[in-house]
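J.: Just need the structure, nothing else, for what follows:
(2 chains)
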Number of protein chains: 2
Amino acid sequence: MIPFNKSFIIGNELLYIEEAVKSGKISGDGIFTKKCQSFFQEKYQFPKVLLTTSCTDALEMAAILSNITSEDEVIVPAFTFVSTANAFVLRGAKIIFADSSIKNPNIDVDKIENLITSKTKAIVVVHYAGIACDMEKVMEIAKKYNLLVIEDAAQAIDSYYVFSDGTKRALGSIGHFAAFSFHETKNIISGEGGMLVINDQKYFDRAEIIREKGTNRSAFFRGEIDKYGWVDIGSSFLPSDIIAAFLFAQLEKFDVIQNKRITIWNKYFHELKELKDKGFIGIPQIPKYATNNAHMFYIICKDEAERSNLIDAMKSVEIYPVFHYTSLNKSQFYLETNESIDYINAEKFSDRLLRLPFFYELTNQEQEQVISTIKYFYFKSRI
Amino acid sequence: MIPFNKSFIIGNELLYIEEAVKSGKISGDGIFTKKCQSFFQEKYQFPKVLLTTSCTDALEMAAILSNITSEDEVIVPAFTFVSTANAFVLRGAKIIFADSSIKNPNIDVDKIENLITSKTKAIVVVHYAGIACDMEKVMEIAKKYNLLVIEDAAQAIDSYYVFSDGTKRALGSIGHFAAFSFHETKNIISGEGGMLVINDQKYFDRAEIIREKGTNRSAFFRGEIDKYGWVDIGSSFLPSDIIAAFLFAQLEKFDVIQNKRITIWNKYFHELKELKDKGFIGIPQIPKYATNNAHMFYIICKDEAERSNLIDAMKSVEIYPVFHYTSLNKSQFYLETNESIDYINAEKFSDRLLRLPFFYELTNQEQEQVISTIKYFYFKSRI
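T.: The predicted structure follows:
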């Protein structure tokens, strides 16, 4: 059986959990939470990192920090996970969906400007499969209209955007806020887990307060104030230090994990290129302004029926690929209060994109089985 | 050094985390999440239990399920943790604070009815220190005015309410919803963590949806629907199965933990009773309708100054007791939009209550040091 995903232990995960417990403190902001936050701040020059219980929660923090109210509109790609939208709906926002690019599932940046009204407060971009959106254009539009930019970087750890002057910056460091995920399906995992990156210093203090249930407890522990109390809205966005301990053990093996994933990705790419060249399927293309973090390998089938047949063929030999998001403009929740619109590209990816098994412990032999099963499916008519 | 609290491993915590990882799935709703939920459903006859990332998140789920809007008022005790109020403020509610009873920090049930208006939608009660509020009276008022009751049972695992007919029911099973905590300071711990108990079947389906980011994914995995999608608001309230694995190992030692805690509690009670009888301090009294889960042992000092002196005296010998909530009616956040009111009892507990070191690994010798330090503090003037 070859599953789509499989969780793994790679180093000191259990040892560090034991260490965290022995430190006497396994609630949020323990020793391993601080180690993880420092790791990311140093590695990617993120000005401020706060671990959260999930990427969803990091997006919710960004929505609160953006002061989203029921008067505001937020532009969100239609092809994304529900949390990208829900985090802002919870604050009352009206969601304005944008279509995907024709080339990949990311937001079509050329269609953003038409969606902006006097009520628009923020643009949320999703770096799908860890491949950068065209951030130079996004930030230019945001600047022109004075909008906040939130990067949903759930899948985008260790990916970069290459600016037109040749400099590159880590995804998550470009917008005002970014949300990352350590869900078990991501490159680096803690089961559930996430982090918020804050790139503008003016939000640092409030972010700490919101994350600590609306109290100024963090400032209290730093000795900046005498007593802490209720000063704002907020929630419990802190993960247990058990989660951070697990995560930190994975971070110590960051390069090992990434090297393995890049090998897997490249093998899929080179082996399936033949099918792409013959016009059977689409495969990911990395734009010149993006780098590849080997988060995901997907193929684009001819249509939904072909994808279903391929899934069936693979399941018959116990290989479990999975499709992805239903374009949110077609969701029951959206259609309850909005008219149906068609987003051609987003719906194409909803109907035709298929994600192949991809995890750290995937063996070469297993991967060859996946590849040969797909090749057989497409070539069998010719044999 | 005797800290206020210390996290601990008691059995198979690390083994079960390893097992969870080896199962291939450590995101939410894995094998250990289901084991924990079943444990509580069976032990306390809770109709439906859902693990959450924190008690705060369980309260937020209760607020969403209660359909709280900006038109609603919610009655909340002033002496409580910020999350009891914030969970409802996040949905737009106006918080109406109630004073504590004169006898203990719980809500004064005789003062609730006066606070009810046509806008009141829910009453939140907090079973402080695991000691039941007078639930028979609370439910009678709720029924009369058609209000929802949410039990903030953060500290109340394994506590019961004894009805006037002599029957008893677990705290958390009496209101419409209840929120429990497994924060490291609680009897049973997972660092951060919580659970929502739902006592009315009509909320079961929506609870699962809200917890799964507003999708009907749970029904999909049970095979009840073909495809899952966005159907409601929601968040990621599910803890990683790493957390559930840790928690389940603690649940297997439930009686061992509780027996130890009851021994500690009783020792504090019997040893400090002398100070109480001589009028120096107050100690907890268990009402006839309540049972004792040995969550906390507190003393009530004569005034805030005396409490500060006692804390200093204890710190000087490296013992770290801690006070508790600042009464929320005096918080900066509340006073920004409300007039200052005095809640005599709540403020008394804010100023005078002191929690003594209390954790599973507290040794007899350490406890005797705590007790003798307190006794010396009060008797030294006479020696």
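J.: where are the low-confidence patches of chain A?
T.: Per-residue confidence for chain A (pLDDT under 70) gives these ranges: A:381-383.
J.: Show me the domain layout of it.
T.: Domains of chain A are assigned by automatic domain parsing as A:13-251, A:254-382.
J.: other SSEs contacting the longest strand along chain A?
T.: Longest strand in chain A by number of residues, with DSSP state E as the criterion: strand A:120-126. Counting contacts by 3 or more C-beta pairs under 8 Å, 6 or more residues apart in numbering or on different chains; DSSP states H and E, strand A:120-126 packs against strand A:73-77, helix A:82-89, helix A:135-145, strand A:148-152. Bear in mind the C-beta positions are built from the backbone N, C-alpha and C, glycine included.
J.: Rebuild those as JSON lines, extending it with distance to chain B.
T.: JSON lines is the format used below for those (distance: least, C-beta to the nearest C-beta, whole Å):
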{"stretch": "strand A:73-77", "distance to chain B": "12"}
{"stretch": "helix A:82-89", "distance to chain B": "4"}
{"stretch": "helix A:135-145", "distance to chain B": "24"}
{"stretch": "strand A:148-152", "distance to chain B": "13"}
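J.: Please give me every residue in contact with the closest residue to A:Thr84 other than its chain neighbours.
T.: Using C-beta to C-beta, 6 or more residues apart in numbering or on different chains and skipping the chain neighbours, the partner closest in space to A:Thr84 is A:Asp152 (5.0 Å). A:Asp152 makes contact with A:55, A:59, A:80-81, A:84, A:124-127, A:178-179, according to C-beta atoms under 8 Å, 6 or more residues apart in numbering or on different chains.
J.: List only those of the residues you listed flagged as buried.
T.: A:55, A:59, A:80-81, A:84, A:124-127, A:178-179 (16 or more other C-beta atoms under 10 Å in any protein chain shown).
J.: before we move on, the earlier item: name every sheet partner of the longest strand of chain A and say whether each one runs parallel or antiparallel.
T.: Strand pairing for strand A:120-126, determined by DSSP bridges: strand A:73-77 (parallel), strand A:148-152 (parallel).
J.: correct me, but A:His183 touches A:Ser54?
T.: Yes. Contact criterion C-beta atoms under 8 Å: A:His183 and A:Ser54 qualify, at 7.2 Å.
J.: Residues in contact with both of these two, list them for me.
T.: Once C-beta under 8 Å, 6+ apart is applied, the residues that A:His183 and A:Ser54 both contact turn out to be A:192-194.
J.: Neighbour count: A:His183 and A:Ser54, which is higher?
T.: Here A:His183 and A:Ser54 are compared on neighbour count by other C-beta atoms under 10 Å in any protein chain shown; more neighbours surround A:Ser54, at 32 against 23.
J.: For the nearest residue to A:Glu306 once chain neighbours are set aside, the count of nearby residues, please.
T.: With C-beta to C-beta, 6+ apart as the criterion, A:Glu306 has its nearest non-adjacent residue at 7.9 Å, and that residue is A:Arg352. Number of residues near A:Arg352 (other C-beta under 10 Å) recorded here: 20.
J.: Roughly how far does A:Arg352 sit from A:Val82?
T.: Taking C-beta to C-beta, to the nearest Å as the measure, A:Arg352 and A:Val82 are separated by 20 Å.
J.: can you check A:Ser70 too?
T.: Taking C-beta to C-beta as the criterion, A:Ser70 is separated from A:Val82 by 19 Å.
J.: again, but for A:Gln258
T.: 28 Å.
J.: quick one, which of those two is more surrounded?
T.: The residue with more neighbours, out of A:Gln258 and A:Val82, is A:Val82; 28 against 17, by other C-beta under 10 Å.
J.: residues contacting the closest residue in space to that one that isn't next to it in sequence?
T.: Counting by C-beta to C-beta, 6+ apart, A:Val82 lies nearest to B:Trp230, which is 4.5 Å off, once chain neighbours are set aside. Taking C-beta under 8 Å, 6+ apart, we find B:Trp230 in contact with A:82, A:85-86, A:326, A:328, A:331-334, B:214-215.
J.: and A:Ile299, how many neighbours?
T.: 23.
J.: My guess is it contacts A:Ile374. True?
T.: Yes. Judged on C-beta under 8 Å, A:Ile299 makes contact with A:Ile374 at a distance of 7.3 Å.
J.: what's the overlap in contacts for these two?
T.: Contact criterion C-beta under 8 Å, 6+ apart; residues shared by A:Ile299 and A:Ile374: A:272, A:275, A:356.
J.: Understood, closing this out.
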